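K.L.:
this one's structure only:
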């Protein structure tokens, strides 16, 4: 592997990394948090499809290691940049999306995130809640998970006074 070849591998790997990052970001939060068999097949095929594009004609051990090192370095740099810049963190990770507010479904947000009411109901059931009207808030987090805050149940307080015993 020559110096020109190394630069080519670094450039190709960087371009593929940035394009895939953008592609996965466009897929949305739901896709990343709820991968199914079809999504896994696509990822495996993408990995196979971009392998040759990253290293070109160089199928040597050094070429593969350089490509892997480039991916690790890019990932490290992007992680650091996310930690330093809220704008970059928002662009890469997105922001949480409100799905249910005080028992009311946020239909526009569901459409934007490509979610169905049944998928949200499934998440509610996983939290032990059987209907939307028992939800204070349900939020699609940036990692694709759905957080649920149930409505507070009214607490019944007895009207009995309790004497406090003091030791003398």
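P.N.:
Looks like it came in fine. Everything quoted here is computed from the prediction, not taken from an experiment.

K.L.:
can you tell me what sits against stretch 84-93?
P.N.:
Under the criterion C-beta atoms under 8 Å, 6 or more residues apart in numbering, residues 21, 25, 78, 81, 82, 83, 142 lie in contact with stretch 84-93. Every C-beta, even on glycine, is put in place using the N, C-alpha and C of the backbone.

K.L.:
how many neighbouring residues does the closest residue to residue 100 other than its chain neighbours have?
P.N.:
The shortest distance from residue 100 to any residue other than its chain neighbours is 3.8 Å, reached at residue 138 (C-beta to C-beta, 6 or more residues apart in numbering). Residues within reach of residue 138, counting by other C-beta atoms under 10 Å, total 25.

K.L.:
compute the number of surrounding residues for residue 144.
P.N.:
The burial count for residue 144: 17, using other C-beta under 10 Å.

K.L.:
residue closest to the middle of the protein?
P.N.:
The chain has residue 143 as the residue nearest its centroid, 2.4 Å off, counting by C-alpha atoms, centre = their mean.
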